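Engineer: I'll drop the sequence and a predicted model, then ask my questions.
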Amino acid sequence: MALYELTIPVFIKTLHNLSRFVDKGASYATTKKFDVEVLLHARLAPDQFNFIRQIQIACDVAKFCGARLTGKEAPSFDDKEKTLEEVKARIEKTIEYLKTFKSEDFKGAEDKQISQPRWEGKHMKGSDYAAHHVIPNFYFHVTTAYAILRHNGVELGKADFLGDMPLK
């Protein structure tokens with residue numbers, strides 16, 4: 001399976017699932033009669049990022065994956081989301097950007113040298129970048145967002161996380 005198929009369509013699907021997590025969180029807050037901001041600012045541990053930041057990072061990981069592997073410019077997001085609507089818009093903007101990629105954009109991406117400032121001059125091949133950095137990092141932040149909501153009582157299950165399966 002090529003890098004495009006392992007990343008972009010799966011990220012789009014998972015980001016749609018993440019948007020549904022947000023909807024379920026909002027519904028839960030309404031049902032239980034508390035401000036949804038409680039969930040948006042919730043975290044699993046005092047030294048961990050809150051729910052909003054988990055979503056921001058998941059979106060950034062997905063968009064930078066496409067950009068770095070193809071050489072295309074990624075849109076800049078300001079990380080200023082504070083409301084449910086802004087969080088949902090961030091996810092949607094990321095999905096719309098990811099939809100601009102085509103499989104052919106990833107030609108040669110497996111062997112492309114990828115680096116970023118945090119790696120202090122080090123690099124890795126595109127295939128390693130996707131397998132060892134992007135995919136685990138993306139799912140770490142999506143899973144943490146899911147866990148924050150579950151920890152706070154939102155009724156989410158494995159089917160919500162997995163979403164629609166391409167069953168034949």
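Structural biologist: Okay, I see it.
Engineer: How about F64: what's its closest non-neighbour residue?
Structural biologist: A74 (5.6 Å; CB to CB, 6 or more residues apart in numbering). Every residue, glycine included, has its C-beta placed from N, CA and C.
Engineer: which secondary structure element contains C59?
Structural biologist: Secondary structure assigned from DSSP states H and E places C59 in helix 51-70.
Engineer: Any idea how far that helix is from the middle of the chain?
Structural biologist: Distance of helix 51-70 from its chain centroid, counting by CA atoms, centre = their mean, to the nearest Å, is 6 Å.
Engineer: remind me which residues of this protein are low pLDDT?
Structural biologist: Within the chain, the set of residues satisfying pLDDT under 70 comprises 1.
Engineer: show me where it has strands.
Structural biologist: With strands called from DSSP state E, the chain shows them at 113-114, 124-125.
Engineer: Centre-most residue in this protein?
Structural biologist: Centroid-nearest residue in the chain, with CA atoms, centre = their mean: A58, separated by 2.7 Å.
Engineer: Quick check: that one touching P136?
Structural biologist: No. Using CB atoms under 8 Å as the test, A58 is too far from P136 to be in contact (12.0 Å).
Engineer: which residues in this protein form helices?
Structural biologist: 3-32, 37-40, 51-70, 84-98, 126-128, 135-151, 158-162 (DSSP state H).
Engineer: got the angle for the longest one vs helix 51-70?
Structural biologist: Put plainly, it is helix 3-32. 170 degrees (axes from the mean of the first three to the mean of the last three CA atoms, to 10 degrees).
Engineer: Alright, I will stop here.
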